[in-house]
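> quick check, what structure comes out for this input:
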Amino acid sequence: MDVVAINWQTHDILLGECKWGADRIDRQVVRDLVEGKTPLLLNDLPDGGKGWRVHYALFARSGFTPAAKTEMRLKAGLLVDLKTLDGVLVVPDPRP
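Here you go, the predicted model:
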C-alpha cells in the first residue's frame, strides 16, 4: 500500500497504490488492495477498523485495464493516470 490518508474525526480512510511502470494496472492490483491489504490495515486501527469508511485510489503512469476500471467503479474508487496528473499539476508559465 503506497497511499494512506486518515481522517480521525469522520473515520474515513483513503487507501491507494501507485504503479509507475510501463504496464497498465490490472484487476489483480485492485483485488490485492481491497481484499488483501485493506483488512490488514484496518486491523491496526482502534476496534479493528469497525465503523470506518474506506475509499480507494489508484495512481498509474500507463493507465488501467478495462477490468481494473470496472473493479474500481464497483468500489467507487478514484483512478488517476499520468494524463490526469499532468492536467491537474500544470503550473502556469510566469513569463509574460
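> which residue comes closest to F64 once chain neighbours are left out?
I25 (4.8 Å; C-beta to C-beta, 6 or more residues apart in numbering). C-beta: built from backbone N, CA, C; applies to glycine.
> so who does the one you found touch?
E17, K19, L58, A60, S62, G63, F64, T65, A68 (C-beta atoms under 8 Å, 6 or more residues apart in numbering).
> now do M72
V30, Y56, L58, F64, L78, L79.
> now those in JSON lines, with pLDDT and distance to W8?
Formatted as JSON lines, the contacts of M72 follow (pLDDT from 0 to 100; distance: C-beta to C-beta, whole Å):
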{"residue": "V30", "pLDDT": "95", "distance to W8": "26"}
{"residue": "Y56", "pLDDT": "97", "distance to W8": "19"}
{"residue": "L58", "pLDDT": "96", "distance to W8": "24"}
{"residue": "F64", "pLDDT": "95", "distance to W8": "30"}
{"residue": "L78", "pLDDT": "94", "distance to W8": "21"}
{"residue": "L79", "pLDDT": "95", "distance to W8": "26"}
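> so how far is A22 from Q28?
17 Å (C-beta to C-beta, to the nearest Å).
> scratch that, V30
Taking C-beta to C-beta, one finds V30 at 19 Å from A22.
> which one of those two is surrounded by more residues?
For V30 and A22, the more surrounded residue by other C-beta atoms under 10 Å is V30, and the numbers stand at 25 against 7.
> secondary structure element holding the more buried one?
Using DSSP states H and E, the element containing V30 is helix 27-31.
> I'd like to know which elements that helix is packed against.
strand 53-60, helix 66-74 (3 or more C-beta pairs under 8 Å, 6 or more residues apart in numbering; DSSP states H and E).
> ranking these by burial, who's on top?
Ranked by mean neighbour count, the helices and strands packed on helix 27-31 are led by strand 53-60 with a mean of 18 (mean count of other C-beta atoms under 10 Å).
> can you tell me the strand partners of that one and which way each runs?
In its sheet, strand 53-60 lies beside strand 12-19 (parallel), strand 78-81 (parallel), with partners assigned from DSSP bridges.
> counting neighbours, what do you get for L42?
16.
> what pLDDT does it get?
With respect to pLDDT, L42 has a value of 92.
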